[in-house]
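Give me a 3D structure for the following:
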Amino acid sequence: MKKLASLGCASILALSIVSGGTSFAAGEIEVIVNNSTVGQETSAYLANGTTMVPLNVVRQIPGISVSWDNQTKTVTVMSGSEVISLVAGQKTAFADSGKITLSMPATLQKGRILVPLRFIAEVSGAYVTWNSQSRTVYVAKADNRLKERLASGNLTEARRAALQLPRVSMIRNLKPAPSSLEGQNFTYYFPEGEYKRFLIEGGDVVSYYEVVNERSHLMWTAKLADSAKTDSVLFFKETMASEESGVRPVLNSRLVYFHVMPHIGAASYGFIGPDGTVTELGTKEVTMNEEIVDIPEELK
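Numbers count the residues shown, from 1 in each chain. Here you go, the predicted structure:
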């Protein structure tokens, strides 16, 4: 039962990432660190183009430790051998390499200390980007093990790693209709022999990602509409798009697919030809983060 429950959680996570996660009220800021939302009810706000967040947010960033000295009103950030100090109200940070000018100082508000997110995240080597359309800040930092799997030369492992990479988006995210999520099945698609490009279909939404510098960028997403079979969103989907965001990918070669069924802990897999013909090769039991299986018939 643990396997089935884990896969169920995985499918919910996949769909929430595709759709942009939790809905936030106007003016609120969502902070996503390595695919996990940590910005709810944290008083995150924008000041002079800088996202200010409480310490509990930056503590979620891998590879750093953060402490607060209430007497000296000092935040200390440690990342490897690097030690940086920020004093509340001061726009200068102090590091072993010297002084650093901040765009915004650490700030005390109602007894809470808020710090500039981008500055602290980049100290740890994380990538930070702001999506103005969804008012979301993405912090992405893949761990070394994930990077090793991505570069392993093993196509199956590389694909699994690609799906687990931190995801970021600069386009408008689309949310699946709740009625389309019944059963929580979802499907991964990869061009044959590739791992740096993939699509995820869940409910009535399909999304296309490209792997760049150990993170997956959402390049295009669409809501599917059961209607005329002309102007299909993709050659293998005989449906039109009621909404689209980003640039539709050009995919005209054979694809491999993995249709994950969490309720039975299994995935069916096979090929989709350039003419849209589906060839199912089999079904295997799978576990969380191992939904991608090896396909011996695939050209690699």
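
Dig out what Gly270 forms beta bridges with.
Beta-bridge pairing of Gly270 under DSSP bridges involves Tyr257, Glu280.

That one: how many residues sit nearby?
Neighbour count of Gly270, defined by other Cβ atoms under 10 Å: 17. Heads up, the C-betas are built off the backbone N, CA and C, glycines and all.

Now for it: which residues touch it?
Val256, Tyr257, Val278, Thr279, Glu280, Leu281, Gly282, Ile295 (Cβ atoms under 8 Å, 6 or more residues apart in numbering).

For the third one, what are phi and psi?
Taking degrees, to the nearest 10, you get phi -100, psi 130 for the backbone angles of Val278.

where along the stretch 151-300 of the chain do the helices fall?
155-164 (DSSP state H, counting those that start in this stretch).

so where is it shaky, pLDDT-wise?
226-232, 235 (pLDDT under 70).

Farthest from the middle of this structure: give me that residue.
Within the chain, the residue lying farthest from the chain centre (Cα atoms, centre = their mean) is Gln71, at 38.2 Å.

what secondary structure does that one sit in?
Under DSSP: H, G, I helix; E, B strand; the rest coil, the three-state class of Gln71 is coil.

Beta-bridge partners for Thr37, please?
Ile32.

ok, now how distant is it from Ile29?
Computed as Cβ to Cβ, to the nearest Å, the Thr37 to Ile29 distance reads 11 Å.

higher neighbour count, these two?
Neighbour count, other Cβ under 10 Å: between Thr37 and Ile29, Ile29 has more, with 21 against 15.

Torsion angles phi and psi at that one?
phi -120, psi 130.

Contacts only, for the residue lying closest to it once chain neighbours are set aside.
Closest residue in space to Ile29, ignoring its immediate chain neighbours: Ala44 at 4.4 Å, by Cβ to Cβ, 6 or more residues apart in numbering. Ala44 makes contact with Glu28, Ile29, Val31, Thr51, Met52, Val53, Pro54, Val57, Leu117, Val137, according to Cβ under 8 Å, 6+ apart.

roughly how far out does stretch 107-125 sit from the chain middle?
22 Å (Cα atoms, centre = their mean, to the nearest Å).

go on, stretch 70-80?
A distance of 29 Å separates the centroid of the chain from that of stretch 70-80, by Cα atoms, centre = their mean.

neighbouring contacts of that stretch?
By Cβ under 8 Å, 6+ apart, stretch 70-80 touches 55, 58, 63-69, 83-89, 106, 108, 113, 115, 120, 123-125.

Buried subset of those, written for ChimeraX?
Buried residues within the contacts of stretch 70-80, by 16 or more other Cβ atoms under 10 Å, are selected in ChimeraX with:
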select :55,58,64,66,68,84,85,86,87,88,106,113,115,120,123,124
